[in-house]
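Student: Any chance you could fold what I've pasted below:
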Amino acid sequence: MSRSIGDSKLLEKTIPRSAKWSNVRGRVDTGASMSKHLAKVEDIQNNFRIQKGELFKRLKLSTFAALVLEVDKVNMMNESEENDDDVEDDIVERVETTPRQSKFLDVIRGTGELNMREQNKNLELPPKPKLPKEQTPYSQSPYLLVDVRDSDAYEQCHMITAESYPSTNFSRTMNPFSHQMLQFKNMEGHIIILYDTDELIATECATTMAQRGFENVFVLSGGLRVLAQKLPNGLITGSLPAEAFHSFDGKSKLKSGRVKYNPKNKIPADMNLKRFTHDHLGVLSDSLDNLLLAPSDAGSRLSKSKIDTRSRSRASMLTTTSSNSNIKPWK
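Tutor: Got it, this is the predicted structure:
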């Protein structure tokens, strides 16, 4: 009777895991579990410098990417309406200045009299060349993106629509903030977003701004480090720095990542690029959908259907203009 059939400690044995399939995750969302919680805690410890008692707020990279797509959509609809109004004004001006009126004015002034209006037209300076659309900033934007790294790092790589303002300026006694920051300070429906490589500098600058009365300052969680892992394409111009592919200690490389650092393929940032192009928006939209559809973030069929409907509605809104385009959805 004391004997037992088989191994009595069979249930205590752990199932061996293969390193080849260690990164594979299930497609069905089974709810909360200890493994998911530990994976989230490990991700926070590796990528974020979250501390208790922070005076500023944080903004997720996926939320900022969705905001970028929404801002570009609204500006595109407003600019299309402005172009239609300009065409109507040109038609009205052509109708008002008919050949009969010009001949009648010539008769009143007398034959051979110098037409001062034509002389003034000849003396006018030639119009300035119109800049391409990519080199003009958005007319309406609810956010101010600030790069607090040094100017050399900004010229090598930065996020599109970001303004360079090195962290050394925050320690000045007089005028520590830029004019744009003061314009966005505590403005309703507008936020200020600071970012750097690994949150080491941005958190200090955001704390300084919060202590000086800024209530709408945010820090982009993870900085360029998380961007290199989750959304490396569509948001930046230039090549990501080597620091974005290393851990906080700067010695070990990050295991997970969508792109790998290649020191031979360094491309400087385009300093004339002031807004996102159609190529950037297309790549960003696809990358954002893939990020939200990842098994670690949303593996259930219900969340996948919601994201598919959201992407289809975004595509339909980009092709059609709305009558209420003056309403800002970010408010």
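Student: can you pull out the helices in the stretch 51-200 of the chain?
Tutor: With helices called from DSSP state H, counting those that start in this stretch, the stretch 51-200 of the chain shows them at 61-96, 99-109, 116-123, 151-156, 179-184.
Student: and the ones you listed, which one's lowest on average pLDDT?
Tutor: Lowest mean pLDDT within those: helix 99-109, a mean of 51.
Student: and residue 20, that's in a helix?
Tutor: Yes: assessed by DSSP: H, G, I helix; E, B strand; the rest coil, residue 20 belongs to a helix.
Student: ok, it - how many residues close by?
Tutor: 7 (other C-beta atoms under 10 Å). Yep, even glycine has a C-beta here, placed from its N, CA and C like the rest.
Student: And for residue 276?
Tutor: The burial count for residue 276: 22, using other C-beta under 10 Å.
Student: Thought residue 160 was touching it, still the case?
Tutor: Yes: shown here, residue 276 and residue 160 form a contact pair, counting by C-beta atoms under 8 Å, at 5.5 Å.
Student: any idea how far residue 268 is from residue 155?
Tutor: Distance, residue 268 to residue 155, using C-beta to C-beta, to the nearest Å: 6 Å.
Student: List the residues that are in contact with both of these two.
Tutor: The overlap between the contact sets of residue 268 and residue 155 (C-beta atoms under 8 Å, 6 or more residues apart in numbering) consists of residue 238.
Student: so where is the protein shaky, pLDDT-wise?
Tutor: 1-4, 84-128, 248-261, 263, 294-331 (pLDDT under 70).
Student: Show the residue spans covered by the strands in it.
Tutor: Listed in chain order, the strands of the chain (DSSP state E) span 57-59, 143-147, 157-159, 162-164, 191-195, 217-220, 236-238.
Student: Give me the residues contacting the third one.
Tutor: Read that as strand 157-159. 145, 147, 164, 195, 224, 227, 235-241, 269.
Student: give me that answer again for 10 Å
Tutor: Taking contacts as C-beta atoms under 10 Å, 6 or more residues apart in numbering, the residues outside strand 157-159 that touch it are 64, 68, 145-147, 149, 164, 193, 195, 197, 220, 223-224, 227, 235-241, 244, 266-271, 273.
Student: what's the answer for the fourth one, then?
Tutor: When contacts are defined by C-beta under 10 Å, 6+ apart, strand 162-164 is touched by residues 137, 144-151, 153-155, 158, 178, 180-181, 193-195, 220, 235-237, 269, 271.
Student: Quick one: neighbours of the closest residue in space to residue 236 that isn't next to it in sequence, just the number.
Tutor: Ranked by C-beta to C-beta, 6 or more residues apart in numbering and with sequence neighbours excluded, the top spatial neighbour of residue 236 is residue 159, at 5.4 Å. Counted with other C-beta under 10 Å, the neighbours of residue 159 add up to 22.
Student: And residue 159, how close does it get to residue 220?
Tutor: Distance from residue 159 to residue 220, by C-beta to C-beta: 8 Å.
Student: what sits in contact with each of the two?
Tutor: Taking C-beta under 10 Å, 6+ apart as the contact rule, residue 159 and residue 220 both touch 64, 145, 146, 193, 195, 227.
Student: Going by neighbour count, which of these comes out on top?
Tutor: residue 195 (29 neighbours).
Student: can you pull the contacts of the closest residue to that residue other than its chain neighbours?
Tutor: Nearest residue to residue 195, sequence neighbours excluded (C-beta to C-beta, 6+ apart): residue 220, at 3.9 Å. By C-beta under 10 Å, 6+ apart, residue 220 lies in contact with 58-61, 63-64, 145-146, 159, 162, 193-196, 199, 202, 226-227.
Student: Next one: the residue nearest to residue 236 from residue 61, what distance?
Tutor: Residue 159 is 10 Å from residue 61, by C-beta to C-beta.
Student: Could you do residue 73 as well?
Tutor: In terms of C-beta to C-beta, residue 73 sits 19 Å off from residue 61.
Student: higher neighbour count, those two?
Tutor: More neighbours surround residue 61 than the other of residue 73 and residue 61, with 21 against 17 (other C-beta under 10 Å).
Student: I figured that one hits residue 231, correct?
Tutor: Yes: taking contacts as C-beta atoms under 10 Å, residue 61 lies within contact range of residue 231: 5.9 Å.
Student: Can you check which residues contact both of the two?
Tutor: Going by C-beta under 10 Å, 6+ apart, residues that sit against residue 61 and also against residue 231 are 288, 291.
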